[in-house]
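Student: Kindly return the folded structure for what I paste below:
(one chain, ligands or ions: 2)
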Amino acid sequence: MEVNKKVEEDGVIFMSIKDKEDAEIKKENKDDVVILAIESSCDESAAAVVKNGREVLSNIISSQIALHTVYGGVVPEIASRKHVEKMNGCIRAALDEAKVTLEDIDAVAVTYGPGLVGALLVGVSEAKAIAFATGKPLIGVHHIEGHISANFIENKELEPPFVCLVVSGGHSHLVVVKDYGEYEIIGQTRDDAAGEAFDKVARAIGLGYPGGPKIDKAAKEGNPDAFSFPQAQIPDAEYDFSFSGLKSSVLNYINQAKMQGQELDANDVAASFQKAVVEVLTSHAIKACKEYGYKKLAIAGGVASNSGLRALMEKECKANGIEFYRPSPVLCTDNAAMIGAAAYYEYKKGVRFGLDMNAVPNLPLGDRERRFHAGK
Ligand code: KG4
Ligand code: ZN
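Tutor: Ligands and ions are numbered 1, 2, ... in the order given. Predicted coordinates for the structure are as follows:
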């Protein structure tokens, strides 16, 4: 994946992501399905054009991360307003880069949950307006299903069933992907999401926002065995996660060190904390593959770009004869190409949403509110 970046005057980063070679253009046969996909669930405004679920013709991301950094986290109102400003430009760029027009697309897909309601509404309204104006089918996509489907883009041979560990800022789920769009959740977090724990610990050790990438970097300079932080196991739910005890233990250590006037080695704390998170995520995922009898394991979501997680997963999968799949880091964070990938399989199943589609901020995985409109 090749990323072309440009910082705009307001601090927003405009990115265009491409495969190395020029993407194949348009439809080569009449069964090809070209989808315009839109994503705006958090602080990235994104649009992409995806052919047959796996070929990315364009992938545009307008990231507001720098705007929220000064507040130490995403400010929902700022995110919504920036989406309004940026979304049209992203869609225009995605169509231009793919060398298609709205006429050429077969459907418009959009993330309709979960996420920040005001942010989601911008993408949903935009997608509904395009569907209404063009008469093209409208498909609502679950954000986490999008993250999982990011694995299909670079692994053309990957097909369900497989196990997927979804770890993002808001979610930590261990899922069996039974078929396209069919998920069984076998484990989830009891408290903080993995990304949330990274962000909170990073703030506590003074690394700032966004915490995940900063801890990842600091951990490379630190000793992962400097501290032994707890890895929670939940007796009655062996695949569930809990990160709040780990986070409290790190915070206690920091406070104690401060009170005793000791110097804090942020790199050692970062490395030891990351080790604890990564080990628990990996051991649960490998155990699930073995016990459920799957030979394929994928990771997805923002935390899936963590270098420690990728390395340990790779090692453990190899040791256990499991095929390991992970998207390139740029496809782990929020983007619209993954929404286009998920939407393709919904399109093939005949899923169509009406113009009464709404944003659902707490939309559960696998329990989708679907609308079928015959003939559309
Ligand atoms: O999937 P994502 O972009 O947005 C959500 O859907 O939440 O995930 C964002 C989360 C943030 O908590 C961020 O700190 C974390 O992913 N993250 C990482 C890394 N890169 C992003 N966590 C650990 N290591 C990383 N390299
Ligand atoms: Zn996400």
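Student: So which residues on the stretch 1-150 of the chain come close to ligand 1?
Tutor: residue 42 (CB under 6 Å from any ligand atom). C-beta here means a position set from N, CA and C on the backbone, and glycine is covered the same way.
Student: Show me where the stretch 1-150 of the chain has its strands.
Tutor: Taking DSSP state E, counting those that start in this stretch, the strands of the stretch 1-150 of the chain run over residues 2-7, 13-18, 34-39, 44-51, 55-63, 107-113, 138-142.
Student: how many other residues sit next to whichever residue of the stretch 251-376 of the chain sits closest to ligand 1?
Tutor: Nearest residue of the stretch 251-376 of the chain to ligand 1 (CB to the nearest ligand atom) works out as residue 302 at 2.1 Å. A count of neighbours around residue 302, defined by other CB atoms under 10 Å, yields 25.
Student: What's the nearest residue in the stretch 101-250 of the chain when you look at ligand 1?
Tutor: Nearest residue of the stretch 101-250 of the chain to ligand 1, counting by CB to the nearest ligand atom: residue 212, 2.1 Å away.
Student: I'd guess that residue is in a strand, am I close?
Tutor: No. According to DSSP: H, G, I helix; E, B strand; the rest coil, residue 212 belongs to no strand; its state is helix.
Student: I figured it was touching residue 198, is that so?
Tutor: Yes. Between residue 212 and residue 198 there is a contact under CB atoms under 8 Å: 4.2 Å.
Student: higher neighbour count, the two?
Tutor: Counted by other CB under 10 Å, residue 212 and residue 198 do not tie: residue 198 has more neighbours, with 30 against 26.
Student: So the more buried one: helix, strand or coil?
Tutor: Going by three-state DSSP: residue 198 is helix.
Student: Let me see the contact set for it.
Tutor: Going by CB atoms under 8 Å, 6 or more residues apart in numbering, residue 198 touches 211-212, 215, 274, 277, 303, 306.
Student: Kindly give the local confidence score, pLDDT, for it.
Tutor: We have a pLDDT of 95 for residue 198.
Student: Quick check: the gap between it and ligand 2.
Tutor: Using CB to the ion, to the nearest Å, residue 198 is found at 14 Å from ligand 2.
Student: How about residue 77?
Tutor: For residue 77, the distance to ligand 2 equals 20 Å [CB to the ion].
Student: And for the nearest residue to that residue once chain neighbours are set aside, the neighbour number?
Tutor: Leaving aside its sequence neighbours, residue 77 sits nearest to residue 118 (CB to CB, 6 or more residues apart in numbering; 6.9 Å). The local packing of residue 118 (other CB under 10 Å) involves 18 other residues.
Student: Need phi/psi at the residue nearest to the spatial centre of the chain.
Tutor: Nearest to the geometric centre of the chain sits residue 301, at 3.2 Å (CA atoms, centre = their mean). Per-residue torsions, residue 301: phi 100, psi 170 (degrees, to the nearest 10).
Student: For the nearest residue to it once chain neighbours are set aside, which residues are in contact?
Tutor: Closest residue to residue 301 apart from its sequence neighbours, by CB to CB, 6+ apart: residue 168 at 3.4 Å. When contacts are counted by CB under 8 Å, 6+ apart, residue 168 touches 144, 147, 193-195, 300-303.
Student: Make sure residue 190 is actually in contact with residue 242.
Tutor: Yes. Using CB under 8 Å, residue 190 makes contact with residue 242 at a distance of 4.5 Å.
Student: Neighbour count: the two, which is higher?
Tutor: Neighbour comparison, residue 190 and residue 242: the larger count goes to residue 242, with 20 against 15 (by other CB under 10 Å).
Student: show me what contacts that one?
Tutor: With CB under 8 Å, 6+ apart, residue 242 has these contacts: 189-191, 232, 234.
Student: Now, of these, which are buried?
Tutor: 189, 232 (16 or more other CB atoms under 10 Å).
Student: which of the contacts of residue 242 lies closest to residue 337?
Tutor: Lowest distance from residue 337 to the contacts of residue 242 (CB to CB) belongs to residue 189, with 26.3 Å.
Student: Write down the beta-bridge partners of the closest residue to the closest one other than its chain neighbours, one by one.
Tutor: Nearest in space to residue 189, with sequence neighbours left out and distances taken as CB to CB, 6+ apart, is residue 172 at 4.0 Å. Residue 172 forms beta bridges with residue 167, as assigned by DSSP bridges.
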